[in-house]
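Colleague: When you get a sec, could you give me coordinates for this:
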Amino acid sequence: HRRVREAVVSTQSTGEQALLGAIIESKNSTMKSASQRHSQALQQFWEEEKERVLSALLGSTKSDFHVPVDIQPLSVNNSYWGKESVMTQDEISFADVIGRRNDAVIAGRRYPLIDEFMSTIHEFGESKAVLDCWELVEVLVNSSCFDDPLLRFKPSNSLDLTRKSVEYLEKGFQQFVQTTICGHLEQAELGGVPGIMELASSYLSVRTQDSSVWGLVYVCLRCGSPAAALQALQDDGYEGEVESILENWANISAPSAARDKVRQLYYGGVNNCNDPYKRLVFSILGGCDIERRHGDILTTVQDYLWLKLVHVLTCSSTGRDFRSNKDKISLSEVQEHVLQEYGENHFNSLQSPYLYALVLLLTGLYESAIEVLYRSEESRANAIHMALTLHSNGMINLSTTPHQPVLSESDDDPSPHKRLNLTRIIIGYTRKFACSNPTSALNYYYILHGVHNEDGEDMFTVCIAELIQESKEYQTLLGTLDSSGRKTKGAIDRFNVNHSQIISTVAEASEKRGCWEEAVTLYELAHNYDKVLEILNEELSRKLMPNDKAHEHINEIAVSVEPRTLNANTSLRKQFLLLLDLYKFHKLYHNGHDKLEEALSVISRLQIIPLQQETINHRVQAFKSFSDELRRCIPDILIMVMSILNKLYKNASKSGSSLYGAQNKQAQKIRDQARVVMRFAGMLPYSMPGDTHAQLSMLDAPMRY
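Modeller: Numbers count the residues shown, from 1 in each chain. A predicted model of the protein is given here:
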């Protein structure tokens, strides 16, 4: 007998060591897996944060960029949602226009975006520099609209836009002439029949006291009136090829013979004459000596650009081979001059961003102009809405993917044009007020509807998902469920998009971040009750044992959701109801001795823990079909059941006369139930926590004999 006992002890010891080794190995494997998943999650988090930081730093293709030193305080307004808004009054007004634009688009109506923006701009009382840029944008969008932004680079379309820039400069100069004359009425000696020629004559009297007819011709041309220039020459008795050119100036299509004659006259002596206005007029009409700056007359950036753009138009109309002609210039060359030869430092873009932006807009570099204004906080709102205005007419060449820098290059585009990442600048602009004014941000994101990222996801959906996660405005943006389970409308319901898909996307993101309560709320809004039950089953199984606030909270949520899950997956719902019953069992277990028998009856009814010998095998087989969430609860349930039996046994023992006789049938029944539970625990094909068997043995020990 002694050898048998030693052999039994040795076998038990070996088994325990093997079991302990398996437990340790499982623990190490679990810890390693958890560490790897934590590292991956942390890496993903920092990658996302890096992307946000880079986006905030504009993502320019340049290695360095200017950052304004002076930070202006933001005016704070109260938002409609009870939070303090960080939007300025200008930004709020712009956002209102975007909201009305979206309503019109949804209703299938055309919306006069530029008219609304111009009205808003005038209400702001903006500076002349800001108004100049907006007025040029207005001229451009009112004259052109392209189905494909690449059509803008077609030579005929490019020249049309250049013509509009020239007309804008001419109109601006005419206004300047009128303002100058009004400030010097006595000196101007304005009289006679009102007209451009009279204005030009008065202007010259004020500015130069020059009575040369060529000065008069230049000012008339600069005001955009070749007819007045022609009249001035005719009044002076001049006859020649210049008249032929001026007669056809409206289309800049003068006969090449007349232009060639003017060029011959220029190089034959006019270029060296003492009259700077005559030199300039012949250079303009003949399209010659293009490199000459005429600095004694052209004293402003606008004057210089007007001359260059006029030369672009005259060169394009002659039909000559520009590649072999020394008197040539193309729009791309002017653009290169502005970007490379002069550049930002020349125009002092840091202190005068609107001037440099105006130059870029005039030369057709719309994307670069937007990027210059976007850099500064003070001009960013205007940059965004100028971009949206131009984009609405197909005049912005967009980046191919949303993750490119603000400006990027493409081999498909003519140099020096770049592509603008409209998605990036919209997201960057709205980041400031997304949490305080989520509905305003939502309106801007709708503009991105139809833009897809590298994964094929609609950027409107992606942006909404991020907005909801950051702002937590679920009710405002997505709506709510009433007591009957019907969904009330949220802000996104006004848009023609797949609302359930958007909500599901946000829910998936919340689930990945471990925000299970948010995910449950969102999946329920999407009426995806299968996912609701999956998450709740997982959380119920994790929080079954601790008797704390988290335990009570998850139970309250599950109970409130249960009536609306009738149409969910049968298997998931069955498991969900079982877990709710286990929570009821748990509550009874902790409610004192009076509830122990009721708790035991609940476990007996659930048929997951056997209490009779004949049901052990059946329960073991049933265990194999349990989900992981339910299996995770079994060790804790076994301990609670054994604890209940232990307490009931002690109570029964106190009331009986003998523990070894048949008098105390209740105590014997409890012992038998404990035997069944212990045998069941030993037969389970499941690796339970290492101390589970020890705890069961300790609870079982008083009931063994």
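
Colleague: For Gly479, which non-adjacent residue is closest in space?
Modeller: Gly490 (3.4 Å; Cβ to Cβ, 6 or more residues apart in numbering). Where C-beta positions appear, they are placed from N, C-alpha and C, glycine not excepted.

Colleague: That neighbour contacts Ile464, correct?
Modeller: No. The criterion here is Cβ atoms under 8 Å, and Gly490 misses it with Ile464 at 10.6 Å.

Colleague: Relative to Ile447, how far out is the residue nearest in space to the middle of the chain?
Modeller: The centroid of the chain falls nearest to Ile427 when counting by Cα atoms, centre = their mean (3.6 Å). For Ile427, the distance to Ile447 equals 11 Å [Cβ to Cβ, to the nearest Å].

Colleague: likewise His385?
Modeller: Taking Cβ to Cβ, one finds His385 at 11 Å from Ile447.

Colleague: With Ser484 instead?
Modeller: From Ser484 to Ile447 the distance is 36 Å (Cβ to Cβ).

Colleague: More neighbours: which of the two?
Modeller: Ile447 (23 against 7; other Cβ atoms under 10 Å).

Colleague: Show the contacting residues for that one.
Modeller: Counting by Cβ atoms under 8 Å, 6 or more residues apart in numbering, Ile447 makes contact with Ile98, Asn102, Leu388, Leu422, Ile426.

Colleague: Now do it against Ile114, distance only.
Modeller: 15 Å.

Colleague: now do Thr505
Modeller: Taking Cβ to Cβ, one finds Thr505 at 34 Å from Ile114.

Colleague: Same check on Tyr304?
Modeller: 27 Å.

Colleague: Then Ser35?
Modeller: 57 Å.

Colleague: Between these two, tell me which one has more neighbours.
Modeller: Neighbour count, other Cβ under 10 Å: between Ser35 and Ile114, Ile114 has more, with 22 against 10.

Colleague: So the nearest residue to Tyr529 once chain neighbours are set aside, which state does it fall into?
Modeller: Leaving aside its chain neighbours, Tyr529 sits nearest to Ala568 (4.0 Å; criterion: Cβ to Cβ, 6+ apart). Reduced to three states with DSSP: H, G, I helix; E, B strand; the rest coil, the structure at Ala568 is coil.

Colleague: show me the contacts for Ala568.
Modeller: Neighbouring residues of Ala568 by Cβ under 8 Å, 6+ apart: Tyr529, Asp530, Val532, Leu533, Phe576.

Colleague: Can I have the buried ones of the residues you listed as a ChimeraX selection?
Modeller: A single ChimeraX command selects the buried members of the contacts of Ala568 (16 or more other Cβ atoms under 10 Å):
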select :529,532,533,576
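
Colleague: export the contacts of Ala568 to TSV and tack on distance to Gln17?
Modeller: TSV is the format used below for the contacts of Ala568 (distance: Cβ to Cβ, whole Å):
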residue	distance to Gln17
Tyr529	48
Asp530	44
Val532	45
Leu533	42
Phe576	40
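
Colleague: before we move on, back to that, what about the residue nearest to Gly479, how many residues nearby?
Modeller: 21.

Colleague: just Glu367 next, same as before
Modeller: Around Glu367 there are 26 other residues, counting by other Cβ under 10 Å.

Colleague: right, and the helix or strand after whichever strand or helix holds it?
Modeller: Using DSSP states H and E, Glu367 maps to helix 366-374. Toward the C-terminus, helix 366-374 is succeeded by helix 377-392 as the next helix or strand (DSSP H and E).

Colleague: re earlier: tell me how far the residue nearest to Gly479 lies from Thr476.
Modeller: Counting by Cβ to Cβ, the gap from Gly490 to Thr476 is 6 Å.

Colleague: Repeat that for Lys595.
Modeller: Distance from Lys595 to Thr476, by Cβ to Cβ: 44 Å.

Colleague: right, and the helix or strand after the host helix or strand of Thr314?
Modeller: If you go by DSSP H and E, Thr314 is part of helix 301-317. Scanning forward in sequence from helix 301-317 by DSSP H and E, the next helix or strand is helix 331-336.

Colleague: Would you mark the buried spots in that following helix?
Modeller: Buried-residue list, helix 331-336, by 16+ other Cβ under 10 Å: Leu331, Ser332, Glu333, Val334, Gln335.

Colleague: Stretch 106-118 now?
Modeller: Tyr111, Leu113, Ile114, Glu116, Phe117, Met118.

Colleague: what does stretch 600-618 give?
Modeller: Leu600, Val602, Ile603, Ser604, Ile608, Ile609, Pro610, Leu611, Thr615, Ile616.

Colleague: Endpoints of it, how far apart?
Modeller: 19 Å (Cα to Cα, to the nearest Å).

Colleague: That one - what's its average pLDDT?
Modeller: Stretch 600-618 carries an average pLDDT of 89.

Colleague: distance between it and the chain's centre?
Modeller: 55 Å (Cα atoms, centre = their mean, to the nearest Å).

Colleague: go on, stretch 148-165?
Modeller: 30 Å.

Colleague: Strands of this structure, residue ranges please.
Modeller: For the chain, the strands defined by DSSP state E cover 77-78, 84-85, 407-408, 419-420.

Colleague: Check those for me: which has the lowest mean pLDDT.
Modeller: Looking at these, the bottom one is strand 77-78 with a mean of 40.

Colleague: OK, contacts around the nearest residue to Leu151 once chain neighbours are set aside?
Modeller: Leaving aside its chain neighbours, Leu151 sits nearest to Asn157 (5.9 Å; criterion: Cβ to Cβ, 6+ apart). Residues in contact with Asn157, defined by Cβ under 8 Å, 6+ apart, are Ser144, Phe146, Leu151.

Colleague: Turn those residues into JSON lines, columns for pLDDT and distance to Val559.
Modeller: Listed next are these as JSON lines, based on pLDDT from 0 to 100; distance: Cβ to Cβ, whole Å:
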{"residue": "Ser144", "pLDDT": "87", "distance to Val559": "63"}
{"residue": "Phe146", "pLDDT": "89", "distance to Val559": "59"}
{"residue": "Leu151", "pLDDT": "90", "distance to Val559": "62"}
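
Colleague: For PyMOL, write the select line for the buried members of those residues.
Modeller: To isolate the buried ones among the contacts of Asn157 in PyMOL, judged by 16+ other Cβ under 10 Å, type:
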select buried, resi 144
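
Colleague: Would you check how far apart the closest residue to His391 other than its chain neighbours and Arg101 are?
Modeller: Counting by Cβ to Cβ, 6+ apart, His391 lies nearest to Leu422, which is 6.2 Å off, once chain neighbours are set aside. Distance of Leu422 to Arg101, computed by Cβ to Cβ: 15 Å.

Colleague: go on, Ser436?
Modeller: In terms of Cβ to Cβ, Ser436 sits 22 Å off from Arg101.

Colleague: give me the number of residues near His122?
Modeller: Counted with other Cβ under 10 Å, His122 comes out at 11.

Colleague: which residues sit in contact with Ile425?
Modeller: Neighbours of Ile425 in contact, by Cβ under 8 Å, 6+ apart: Ile370, Tyr374, Ala383, Ile384, Ala387, Val406.

Colleague: Check those residues and tell me the two furthest apart.
Modeller: Ile384 and Val406 (11.7 Å; Cβ to Cβ).

Colleague: For those two, list the residues in contact with both.
Modeller: The contact lists of Ile384 and Val406 share Tyr374, Ile425, where a contact means Cβ under 8 Å, 6+ apart.
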